[in-house]
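A.B. asks: Sequence plus predicted model, see below.
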There are 2 protein chains.
Amino acid sequence: MSLGFIALDWGTTRLRGWLIAPDGSVRDEIVSDEGIQVVAADGFAPLLRARLAPWLAADAALPIWMAGMVGSRNGWIEVPYVPAPCSAADLRRGALRHSLDGHDVWLVPGVSCRSDDGFFDVMRGEETLALGAGVSHGLICQPGTHSKWIEMRDGAIASFATFITGEIYAAMSASFIARLAATPVSPEPGASAGRSAAQARGGVLRGLFQARARVLGGTLPAETVKPFISSLLVAEEISGARKLYGAETPTLIAAPPHDGLYSTALGAGARLVTPQMALLEGLKRIRAAA
Amino acid sequence: MSLGFIALDWGTTRLRGWLIAPDGSVRDEIVSDEGIQVVAADGFAPLLRARLAPWLAADAALPIWMAGMVGSRNGWIEVPYVPAPCSAADLRRGALRHSLDGHDVWLVPGVSCRSDDGFFDVMRGEETLALGAGVSHGLICQPGTHSKWIEMRDGAIASFATFITGEIYAAMSASFIARLAATPVSPEPGASAGRSAAQARGGVLRGLFQARARVLGGTLPAETVKPFISSLLVAEEISGARKLYGAETPTLIAAPPHDGLYSTALGAGARLVTPQMALLEGLKRIRAAA
């Protein structure tokens, strides 16, 4: 396990790769828009050969570890979900081993979760970041199109829940509600109005219409509509997650603009971890859990 | 007031008109897709002349009464909102009088509402239907893209709230969440699963993701995804409205498919009124309130 490896985060819209030295440091990096949605079924291996050629050539034994939607039905090879609760060792055992020109290729599995209230949930990629966030006992929040809240116990994933905050935000930004929106100058005061509307009676379906009605009524400037909607939705997500997991402040795995938005909404004290650090630490843990 | 009139419901996507006899009965009817969104600013008068020619020619004194988005900024002539609480007489006083080839044209105003929790709200068209639903004291629910819940007191509109249920449903039906959806065969059991998910902890942003996760998990057949989403959203709307207005069962002004969907969700006892009847009765009341 002292050897280096290639770490890949291969998601729906993007491919990122890092060359990890035997001491764990990052030696080189690639970023590309070649997410799985633009790769044909027989295009994964050729694409890796092309993008990773110098790294692969330099060390014929270098293994490749990858996490994300590359292991989904629409990815390269489907890797079955591992059910929560699950540890790094469970993910290591569930990882699928493939080969590329003599290099071992490991695809980390996603995780599924069946809650006692009949809810079923899935994630692919976030499980690896969660294991790399340095949280043994506690909550993790990973904002995004499908935000994940993950409960860690004894260094393992105990349970999790998905909130479609980012997807609703994208849909609302393109919809009738936001036709009156102008480009934001600064997130406040739209953000504070949105957080406050999320507290009001009547729920999020009532709150969201305020993004239109208050502009017509002259109490919400057009350039605050988008911060209003995003802050209302984030507040709704956090409120829902607290009903599931209690009021404990989560560790936040986020990059801009989610880091600022969620830090403000969660209040002081949310520890922030970058997605890159969490992914690399997570892959190291899963590798080492053999 | 014993004279007949022409009643128009001129909304964003549709124009409907009725020739009302002096005794209040419907003598003729037109329906067209010429909603205000396809009419140029100078196109309203010519379009009315063309569509209503036989009715206008038969009686040179026949007035035209219209409600809906035709009185909005993007309509024919903007009619300022009348603030709630407001009666039929208030709407009569707020109506804008115009003229078309010697015929009086009356545009009914929309209504605005400022709640004590800082919420602002608007409607155009629904106020007329509410006044025609035969509800003196009680609640009215008008499902749609922007569902309205209206509180009636002493035959007047006391307050109301908008829920963007239909808009979110349309956005979600076109989004990632619903990519696994197939054409519904029957609304159940997706509908009952959706209603049940709306009761669960974590809120609607968590519930909606179930439309995807449960299909992946094999517990929600693909042809139940759309009924699941619509029933979850309707249950969320009703739950929000009950927090505002209490548990009283509303009178429902709805046509298919909303009538069945909302009747089931509201449970037994919801009185149903058709939109056409409510509009015609509402216009008669407003006219008579001079």
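C.D. replies: Looks like it arrived, so ask away. Numbering: from 1, shown residues only, chains lettered A, B, ... in the order given.
A.B. asks: Secondary structure element for A:Phe160, which one?
C.D. replies: Here A:Phe160 is covered by strand A:156-163, with elements defined by DSSP states H and E.
A.B. asks: which residues touch that strand?
C.D. replies: The contact list for strand A:156-163 (CB atoms under 8 Å, 6 or more residues apart in numbering or on different chains) reads A:84-88, A:90, A:111, A:113, A:115, A:119, A:121-123, A:126-127, A:130-131, A:146-152, A:237, A:240-241, A:244, B:202-203, B:205-206, B:209, B:213. All C-beta spots, glycine's among them, are computed from the backbone N, C-alpha and C.
A.B. asks: now with 6 Å?
C.D. replies: Identification of contacts with strand A:156-163 by CB atoms under 6 Å, 6 or more residues apart in numbering or on different chains yields A:84-87, A:113, A:121, A:130, A:146-151, A:237, A:244, B:202, B:205-206, B:209.
A.B. asks: Likewise for stretch A:249-257?
C.D. replies: Under the criterion CB under 6 Å, 6+ apart, residues A:129, A:133, A:135, A:139-143, A:262, A:266, A:269-273, A:275, A:278 lie in contact with stretch A:249-257.
A.B. asks: Just the C-alpha atoms of stretch A:176-193, please, in CSV.
C.D. replies: Taking Å, rounded to 0.1, in the frame of the first residue of the first chain, the C-alpha atoms of stretch A:176-193 are listed here in CSV:
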residue,chain,number,x,y,z
PHE,A,176,-42.3,31.4,-14.9
ILE,A,177,-41.6,32.3,-11.2
ALA,A,178,-38.2,33.7,-12.1
ARG,A,179,-39.1,35.6,-15.3
LEU,A,180,-38.9,38.8,-13.3
ALA,A,181,-35.4,38.0,-12.0
ALA,A,182,-32.4,40.2,-12.8
THR,A,183,-28.7,39.4,-12.3
PRO,A,184,-27.9,39.5,-8.6
VAL,A,185,-25.6,42.3,-7.5
SER,A,186,-25.0,40.8,-4.0
PRO,A,187,-26.7,37.8,-2.3
GLU,A,188,-28.2,39.9,0.5
PRO,A,189,-31.0,41.1,1.1
GLY,A,190,-32.6,38.5,-1.2
ALA,A,191,-31.0,35.7,0.8
SER,A,192,-32.2,36.9,4.2
ALA,A,193,-35.7,37.4,2.8
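A.B. asks: and it, which residues are buried?
C.D. replies: For stretch A:176-193, burial by neighbour count (16 or more other CB atoms under 10 Å in any protein chain shown) applies to A:Ile177, A:Ala178, A:Leu180, A:Ala181, A:Pro184, A:Pro187, A:Gly190, A:Ala191, A:Ala193.
A.B. asks: Which stretches in chain A count as strands?
C.D. replies: For chain A, the strands defined by DSSP state E occupy A:5-10, A:15-20, A:26-32, A:64-67, A:82-83, A:96-100, A:103-107, A:111-114, A:120-123, A:138-142, A:147-153, A:156-163, A:251-253, A:272-273.
A.B. asks: export those strands to JSON lines and tack on mean neighbour count and mean pLDDT?
C.D. replies: As requested, the strands of chain A are exported to JSON lines (neighbours: other CB atoms under 10 Å in any protein chain shown; pLDDT from 0 to 100):
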{"stretch": "strand A:5-10", "mean neighbour count": "25", "mean pLDDT": "98"}
{"stretch": "strand A:15-20", "mean neighbour count": "20", "mean pLDDT": "97"}
{"stretch": "strand A:26-32", "mean neighbour count": "13", "mean pLDDT": "97"}
{"stretch": "strand A:64-67", "mean neighbour count": "26", "mean pLDDT": "98"}
{"stretch": "strand A:82-83", "mean neighbour count": "16", "mean pLDDT": "98"}
{"stretch": "strand A:96-100", "mean neighbour count": "13", "mean pLDDT": "97"}
{"stretch": "strand A:103-107", "mean neighbour count": "20", "mean pLDDT": "97"}
{"stretch": "strand A:111-114", "mean neighbour count": "22", "mean pLDDT": "97"}
{"stretch": "strand A:120-123", "mean neighbour count": "22", "mean pLDDT": "97"}
{"stretch": "strand A:138-142", "mean neighbour count": "23", "mean pLDDT": "98"}
{"stretch": "strand A:147-153", "mean neighbour count": "24", "mean pLDDT": "98"}
{"stretch": "strand A:156-163", "mean neighbour count": "23", "mean pLDDT": "98"}
{"stretch": "strand A:251-253", "mean neighbour count": "24", "mean pLDDT": "98"}
{"stretch": "strand A:272-273", "mean neighbour count": "16", "mean pLDDT": "97"}
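A.B. asks: In JSON lines, list these along with distance to B:Pro22.
C.D. replies: What follows is the strands of chain A, written out as JSON lines (distance: least, CB to CB, whole Å):
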{"stretch": "strand A:5-10", "distance to B:Pro22": "74"}
{"stretch": "strand A:15-20", "distance to B:Pro22": "74"}
{"stretch": "strand A:26-32", "distance to B:Pro22": "74"}
{"stretch": "strand A:64-67", "distance to B:Pro22": "75"}
{"stretch": "strand A:82-83", "distance to B:Pro22": "73"}
{"stretch": "strand A:96-100", "distance to B:Pro22": "79"}
{"stretch": "strand A:103-107", "distance to B:Pro22": "78"}
{"stretch": "strand A:111-114", "distance to B:Pro22": "67"}
{"stretch": "strand A:120-123", "distance to B:Pro22": "62"}
{"stretch": "strand A:138-142", "distance to B:Pro22": "66"}
{"stretch": "strand A:147-153", "distance to B:Pro22": "61"}
{"stretch": "strand A:156-163", "distance to B:Pro22": "58"}
{"stretch": "strand A:251-253", "distance to B:Pro22": "69"}
{"stretch": "strand A:272-273", "distance to B:Pro22": "73"}
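A.B. asks: so what does the helix or strand bottoming out on mean pLDDT in chain A touch, helix or strand wise?
C.D. replies: Lowest by mean pLDDT, DSSP states H and E among the helices and strands of chain A is helix A:190-199, with a mean of 90. Helix A:190-199 sits against helix A:204-216, helix A:225-245, with contacts defined as 3 or more CB pairs under 6 Å, 6 or more residues apart in numbering or on different chains; DSSP states H and E.
A.B. asks: and of these, who's closest to A:His258?
C.D. replies: helix A:225-245 (8.7 Å; CB to CB).
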